[in-house]
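Q: Sequence and predicted structure, then a few things I'm wondering about:
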Amino acid sequence: MADASNRQLSDSESGAYSRIVHYIGILGGVQWLVALVNVIRTKIVARLIGTAGFGINESFNRTLNLLKSATDLGIPFSAVRTISAHFDDVDDKSLSESIVITRSWTLMTAVCGTLLCALLAPLFSLWAFKGDHGYTLSFLLLSPVVAFSTIAGGETAVLKGIRRVKDIALIQLLSVALLVLISVPAFYFLRLRGLVLSLVLVSMATMAVTCIFSFRVYPYKVAVFDRAILRGGYDMVRVGIYFTLVSFFGAGALVVVTNYLMGNGGENLVGAYSAGYALVSYLGMFVFSAMDYDYFPRIASVIDNNTDVNIQMNRQIEVTLLLIAPMVTVFVVFLEPIVRVLLTEKFCVAIPMTQLAALGLLFKAISQPMAFIPLAKGDSKTYLAQELLYDVSLVVSVILCFQNGDLRMVGLALTVAEMSALATGCIIVRMRYHMTFCKSTVRLALVLPWPALLAYV
């Protein structure tokens, strides 16, 4: 793309870069600790329930996430845009009202999601486990997870909107600690039978911790029978509906991939794929988690000024690339000892797939900051089209690559999907919003990926 501007690095710009690095440092540092604890937990759990248990757990999680995405109306995300827009208002009334609207709609969608999960439990069992009725009771018992996750998402949206980044980081630390304290004993004493209990208790504990921090700032108040409050949420829901569709199809794409691999390779293959996918996700958490909590509220507050948004986008891409490129290089080189130490030898089969999938993070570092712009602008149709293209490319790539190879080729499919997302993002921000990359961003994008690519070769 053409150069956006020939700007010098002023003191204010230096401060802006420092801010990005600061929040990535806070949230990224927490994510590293969370990832470390999760990996240690994964190693323990892997010995307790094996790859088959991982496969079953993956099917539970994917299905529940799909249902949550279909019923929460996108409020946990669209509410951030609404609350953030009122955060700088002198009058606190509009901010308080937007929080009440968020909580009221969240409560209603949480109840609806739980009831739907309970009613459709037999169908979920048939769908997720290839015609097996045996998991109907499990999905029935898991129905409260949908409500707990939805409410936690709504309260997290409140904290994001009012820029309580440190509170969010602390919530994540406490949540992962509770995850270990709950899941490890459950799997130790109950083995596979502890899967359902663990998922319910962990989601409930996460919701409780999130609510404690959120209620401390803005005491809980809802008005589900107030017509004015409900009407006030229509715009948020309208934007959220598109995000719901995006989340639904995104979660659906992952479910299709998981079910496809389950049908063509069984639980052990899905377990290996899930472990590799999780390792790549942990690696990306360091830089990408900060975008949800800092970058999105930041561009939402200046979204009417394309020049400011363009500058913010370039800054975010540059910092993200500088951080993620060396991490991917080290990850690719040392993945085998990492898997042997943190997991078990049974998961070594996932190493080639995981190395290839990790390369996709280099493309995601560029595409992700662009992907937030349509949503921040409220350009819901463009956002939906952009994400649907990614979902289709993901499913098609996985099926084609696996049919012409093995689990290793699934890693290539994941990277191809990220490349398609980058191409789509470039077209959208250039053609629709008239935004461009500055020279420093282009130079970094052309140079930084090479060490990781050479390390893989």
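A: Sure thing, it's come through. Residues are numbered from 1 along each chain as shown.

Q: Quick check: phi and psi on the residue most central in space within the chain?
A: Nearest to the mean C-alpha position of the chain, counting by Cα atoms, centre = their mean, stands Ser289 at 7.7 Å. For Ser289, the backbone dihedrals (degrees, to the nearest 10) come out as phi -60, psi -30.

Q: Could you check the pLDDT of it?
A: Per-residue confidence (pLDDT) for Ser289: 75.

Q: Look up how far Leu283 lies from it.
A: For Ser289, the distance to Leu283 equals 12 Å [Cβ to Cβ, to the nearest Å]. Placement of C-beta: from N, CA and C, glycine included.

Q: Equivalent analysis for His133, please.
A: With Cβ to Cβ as the criterion, His133 and Leu283 are 38 Å apart.

Q: now swap in Arg62 and tell me
A: Counting by Cβ to Cβ, the gap from Arg62 to Leu283 is 20 Å.

Q: returning to that earlier point: which one's more surrounded, His133 and Leu283?
A: Set His133 next to Leu283 and count neighbours by other Cβ atoms under 10 Å: Leu283 wins out with 23 against 10.

Q: In terms of helices and strands, where is the more buried one?
A: helix 234-290 (DSSP states H and E).

Q: Low-confidence stretches in the stretch 51-200 of the chain?
A: Counting by pLDDT under 70, the stretch 51-200 of the chain shows low-confidence ranges at 51, 88-91.

Q: Do you have the helices of it handy? List them.
A: 75-87, 92-119, 121-128, 136-161, 165-190, 194-217 (DSSP state H, counting those that start in this stretch).

Q: got the contact list for the helix or strand where Thr382 lies?
A: Per DSSP H and E, Thr382 falls inside helix 380-403. Contacts of helix 380-403 with the rest of the structure, by Cβ atoms under 8 Å, 6 or more residues apart in numbering, involve 238-239, 241-243, 245-246, 249-250, 252-253, 256-257, 260-261, 264, 371, 374-375, 409-410, 412-414, 416-417, 420-421, 424-425, 428, 432.

Q: ok, now with 7 Å
A: Contact with helix 380-403 is made by 239, 242, 245-246, 249-250, 253, 256-257, 260, 264, 371, 374-375, 409-410, 412-413, 416-417, 420-421, 424, 428, 432, as judged by Cβ atoms under 7 Å, 6 or more residues apart in numbering.

Q: Buried subset of those as a PyMOL selection?
A: Only the buried entries of those go into this PyMOL selection, using 16 or more other Cβ atoms under 10 Å:
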select buried, resi 239+242+245+246+249+250+253+256+257+260+371+374+375+409+410+412+413+416+417+420+421+424+428
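
Q: Need the three-state assignment for Phe225.
A: Here Phe225 is recorded as coil under DSSP: H, G, I helix; E, B strand; the rest coil.

Q: Can you report how many residues neighbour it?
A: Phe225: 8 neighbours (other Cβ under 10 Å).

Q: Now it, what are its backbone angles?
A: The phi/psi pair for Phe225 (degrees, to the nearest 10) is phi -110, psi 10.

Q: Tell me the pLDDT of it.
A: 84.

Q: cool, and the one 4 residues further on?
A: Per-residue confidence (pLDDT) for Ile229: 80.

Q: What sits closest to it if chain neighbours are left out?
A: Using Cβ to Cβ, 6 or more residues apart in numbering and skipping the chain neighbours, the partner closest in space to Ile229 is Ala223 (4.3 Å).

Q: Pop out the phi and psi values for that neighbour.
A: The phi/psi pair for Ala223 (degrees, to the nearest 10) is phi -150, psi 70.

Q: Check whether it really touches Arg103, as I assumed.
A: No: assessed by Cβ atoms under 7 Å, Ala223 is found out of contact with Arg103, at 8.8 Å.

Q: Compare neighbour counts for these two and give me the winner.
A: Arg103 (26 against 16).

Q: I figured that one was touching Val222, is that so?
A: Yes: counting by Cβ under 7 Å, Val222 is a contact partner of Arg103 at 5.0 Å.

Q: between those two, what contacts are shared?
A: Counting by Cβ under 7 Å, 6+ apart, nothing touches both Arg103 and Val222.

Q: Which positions within stretch 50-64 qualify as buried?
A: Quick answer for stretch 50-64 (16+ other Cβ under 10 Å): 50-51, 53-64.

Q: just these now: which is nearest Leu170?
A: Asn61 (24.1 Å; Cβ to Cβ).

Q: and Leu197, what is it in contact with?
A: Ala186, Leu190.

Q: One more pass at 6 Å, please.
A: Ala186 (Cβ atoms under 6 Å, 6 or more residues apart in numbering).

Q: sec struct for Gly378, please.
A: Going by three-state DSSP: Gly378 is coil.

Q: can you pull the pLDDT of it?
A: 77.

Q: From Met435, how far off is it?
A: Distance from Gly378 to Met435, by Cβ to Cβ: 16 Å.

Q: Show me which of those two is the more surrounded one.
A: Between Gly378 and Met435, counting by other Cβ under 10 Å, Met435 is the more crowded of the two (21 against 16).

Q: On the three-state scheme, the more buried one is what?
A: Under three-state DSSP, Met435 comes out as coil.

Q: Backbone torsions only: list them for it.
A: phi -100, psi 150.

Q: going forward, begin numbering at 4 instead of 1
A: I'll keep to 4 as the first residue from here, and by that count the last item is Met438.

Q: my guess is it meets Ile314, correct?
A: No: taking contacts as Cβ atoms under 6 Å, Met438 lies outside contact range of Ile314: 9.6 Å.

Q: So which bits of stretch 200-218 are buried?
A: Result for stretch 200-218 [16+ other Cβ under 10 Å]: buried residues 200-210, 212-214, 216-217.

Q: Please state the offset of it from the chain centre?
A: Relative to its chain's centre, stretch 200-218 lies at 18 Å (Cα atoms, centre = their mean, to the nearest Å).

Q: swap in stretch 277-286?
A: 12 Å.

Q: No further queries at this time; thank you.
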